[in-house]
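S.K.: starting from these lines, generate the structure:
(one chain, ligands or ions: 1)
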Amino acid sequence: MTEQSEETAENRIIDVYLIAREHLPAWYPRGQSISVLEDGIALSSEKPLPPPGELSRDFLRFVRKSARTLADRNFNSVRLRDSPDFVWDPESSFAFSQGFRTLNRKQSLAFTPEVAGNSGFQDLLGVTAWVRDTIDLPGNLLTPDSYQKELEKLQELAGGRFSIKKISGSELDSAGFSGIATVGQGSVNPPCLYILDYAPSGDTAPVFMSLAGKGITFDTGGYSLKPSGLMKSMHSDMGGSATVAGALALLALSGFPGRVRAYLACAENMISGSAMRVGDIIRYRNGKTVVIDNTDAEGRLVLADALLAAAGDGGYILDAATLTGAAKVALGREYHAVLSLSDSLAESFIRAAGSVSEYAWRLPLEEFHLDLVKSGLADITNSVPDGPGATTAAAFLAQFVANREKWLHLDLSASYQKTPGFGYGLGARGHGIRSIARFVKDLWGFR
Ligand SMILES: [Zn+2]
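M.R.: Next up is the predicted model:
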């Protein structure tokens, strides 16, 4: 290999540092935030650089977007370097790493020794990478059954601090998980429910927080078939399950003292002679009957089972799901939608998200919305034609929650993106893991 080819952007290790705009060389064009200089790449924002420990969400967004731009320009080997103007800390380094990450490309990113030696930072980096990588697995490489292998990797990352239990196939029927069984009945890959249990003070301790996640490993829509363009990203329809599993792992790694359980409701929504039909009626464990008016509204059908299981724990319940297009229409790809019948829980979640530099926004949910899912054919329908979609989905879920004042629902509009943008590459974003972990800690009063 010649000297020259080693100097291409693709394989040269390049230092990246932040610099105050007034310290850029005088000859350099003003108004640029990325400057390729002799000793590396200087990032300089319009606004003055913040002091250590006071990094705003806007500033971290600038860092993330800069990292994304470098990755888009094929800088694949980067080393973060401190400058007299700015010292990289775990928060800014994490923001950079998240923007830099590119699916399907070999990259190397080195952090400063201080940051690299920070165990909390390494835990966050590892868990987030697991969540993003797992969501990005295509449907043929992640089935409800093979999800176990991935969960075991997460368990290892978390030092074996939580257990994994699996209920699958005919066991689902005998245990009364009719929603998961019905959604998965059309696929050759049998559906299942995973239960992750983090019990730091033993198996008899009460459960403080039960998490529930939608784990549709591929969603064709079923007989209410999706058009091909909309089906393309549907391997990511298990994003809720990966996000809550990641949050549980983060909590375990941080030494959180309370017991946390996660229920991952997994199925593949396919078409076959045994698939659910439009008009089928299913009966849940709590006696509620549901008519399936749209087989593509399957997420709420599987989540209902997870919520019923979580209700048995008696603690707080948070569920997370890539549930509706309506949430994305309302909030775009930057915010997760928060829905709750408890003002204080909704406010706590939004505060928690802000404190870890993530974005969450509340959508309406009131007691009167619960009437919108009533049906003449069964107790309730899984599809309300003209309703506010994110709200009616939550109203459906509310029917399966015993103590609604202790329940919060997340519609994960910012979990995945089909094209690069907003400072992220194509694919899973990992957004929400930290918000959930922070929210649980805040409820407990754990720093
Ligand atoms: Zn669907």
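
S.K.: in the sheet, who's paired with the closest residue to the ion within the stretch 101-250 of the chain?
M.R.: Nearest to the ion, among the residues of the stretch 101-250 of the chain, is D219, at 4.3 Å (CB to the ion). Every residue, glycine included, has its C-beta placed from N, CA and C. Taking DSSP bridges as the rule, D219 bridges to N269.

S.K.: ok, it - contacts?
M.R.: Contact analysis of D219 by CB atoms under 8 Å, 6 or more residues apart in numbering lists 226, 231, 234, 237, 269, 296, 298-299.

S.K.: regarding I41, what is its secondary structure?
M.R.: strand (DSSP: H, G, I helix; E, B strand; the rest coil).

S.K.: how close does the residue of the stretch 101-250 of the chain closest to the ion sit to G389?
M.R.: Going from D219 to G389 by CB to CB, to the nearest Å gives 16 Å.

S.K.: give me the below-cutoff pLDDT ranges for the protein.
M.R.: In the predicted model of the chain, residues 1-11, 30 satisfy pLDDT under 70.

S.K.: how is it partitioned into domains?
M.R.: 3-117, 124-444 (automatic domain parsing).

S.K.: what's the most buried one of those?
M.R.: Greatest average neighbour count among the domains of the chain goes to domain 124-444 (a mean of 21), per mean count of other CB atoms under 10 Å.

S.K.: what's the end-to-end length of it?
M.R.: 20 Å (CA to CA, to the nearest Å).

S.K.: what does the stretch 101-250 of the chain put close to the ion?
M.R.: Residues of the stretch 101-250 of the chain lying close to the ion by CB under 5 Å from the ion are D219.

S.K.: repeat that for 8 Å
M.R.: Neighbours of the ion within the stretch 101-250 of the chain, by CB under 8 Å from the ion: 216, 219, 221-222, 224, 226, 234, 237.

S.K.: among those, which ones are in strands?
M.R.: Among these, the members falling in strands are 216, 219 (criterion: DSSP state E).

S.K.: in the stretch 1-150 of the chain, which spans are helices?
M.R.: Listed from the start of the chain, the stretch 1-150 of the chain has helices (DSSP state H, counting those that start in this stretch) covering 3-6, 57-72, 90-100, 113-116, 119-136, 147-157.

S.K.: dump those to JSON lines, plus distance to L264.
M.R.: Converted to JSON lines, those look like this (distance: least, CB to CB, whole Å):
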{"stretch": "helix 3-6", "distance to L264": "46"}
{"stretch": "helix 57-72", "distance to L264": "28"}
{"stretch": "helix 90-100", "distance to L264": "23"}
{"stretch": "helix 113-116", "distance to L264": "32"}
{"stretch": "helix 119-136", "distance to L264": "11"}
{"stretch": "helix 147-157", "distance to L264": "7"}
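
S.K.: and those helices: which comes nearest V36?
M.R.: helix 57-72 (9.7 Å; CB to CB).

S.K.: distance between the closest one and the chain's centre?
M.R.: How far helix 57-72 lies from its chain's middle: 20 Å, per CA atoms, centre = their mean, to the nearest Å.

S.K.: same question for stretch 174-189.
M.R.: 24 Å.

S.K.: how long is that stretch end to end?
M.R.: Chord length of stretch 174-189, first to last residue, is 18 Å (CA to CA).

S.K.: hmm, who's touching that stretch?
M.R.: 143-145, 167, 172-173, 190-193, 216-217, 222, 265-272, 274-276, 280, 282-285, 290, 292, 298, 301-306, 309.

S.K.: which of the residues you listed fall within helices?
M.R.: The helices, defined by DSSP state H, take in 172-173, 301-306, 309 from those.

S.K.: so what's N104 up against?
M.R.: For N104, the contact set (CB under 8 Å, 6+ apart) is empty.

S.K.: if you set the cut-off to 10 Å instead, what comes out?
M.R.: Applying CB atoms under 10 Å, 6 or more residues apart in numbering to N104 gives the contacts 136, 425-427.

S.K.: now S357
M.R.: Neighbouring residues of S357 by CB under 10 Å, 6+ apart: 55-61, 64, 91, 94-95, 434-435.

S.K.: out of the residues you listed, who's nearest the ion?
M.R.: Using CB to the ion, those come closest to the ion at S435, 24.0 Å.

S.K.: mind checking the SS state of the closest one?
M.R.: helix.

S.K.: quick one: it and S415 touch, right?
M.R.: No. Applying CB atoms under 10 Å as the test, S435 and S415 come out as separate, 11.9 Å apart.

S.K.: so which two of the ones in helices among the contacts of stretch 174-189 are the farthest from each other?
M.R.: Checking the ones in helices among the contacts of stretch 174-189 with CB to CB, the most distant pair is D173 and L303, at 18.1 Å.

S.K.: quickly list what the closest residue to S168 other than its chain neighbours is bridged to.
M.R.: Sequence neighbours aside, C192 is the residue nearest to S168 in space, at 3.5 Å (criterion: CB to CB, 6 or more residues apart in numbering). Beta bridges link C192 to S168, C266 when assigned by DSSP bridges.

S.K.: mind listing what C192 touches?
M.R.: 143-145, 147-148, 166-169, 171-172, 177, 180-181, 184, 215, 264-267.

S.K.: let's see that with 7 Å instead.
M.R.: Taking CB atoms under 7 Å, 6 or more residues apart in numbering, we find C192 in contact with 144-145, 166-168, 266.

S.K.: how about A304?
M.R.: 179, 284, 397, 400 are the contacts of A304 under CB under 7 Å, 6+ apart.

S.K.: residues of the stretch 251-400 of the chain that sit close to the ion?
M.R.: 269, 295-299.

S.K.: ok, 6 Å please
M.R.: Proximity of the stretch 251-400 of the chain to the ion, by CB under 6 Å from the ion, involves residues 269, 296, 298-299.

S.K.: which single one of those residues is nearest to the ion?
M.R.: D296 (3.9 Å).

S.K.: where's the closest residue to that closest one other than its chain neighbours relative to L377, distance?
M.R.: Once flanking residues are discounted, D296 sits nearest to G221: 3.8 Å by CB to CB, 6+ apart. From G221 over to L377 the distance is 21 Å, taken as CB to CB.

S.K.: re the thing from before, looking at the helices of the stretch 1-150 of the chain, which is nearest to H409?
M.R.: The closest approach between H409 and any of the helices of the stretch 1-150 of the chain, judged by CB to CB, belongs to helix 119-136 at 19.1 Å.
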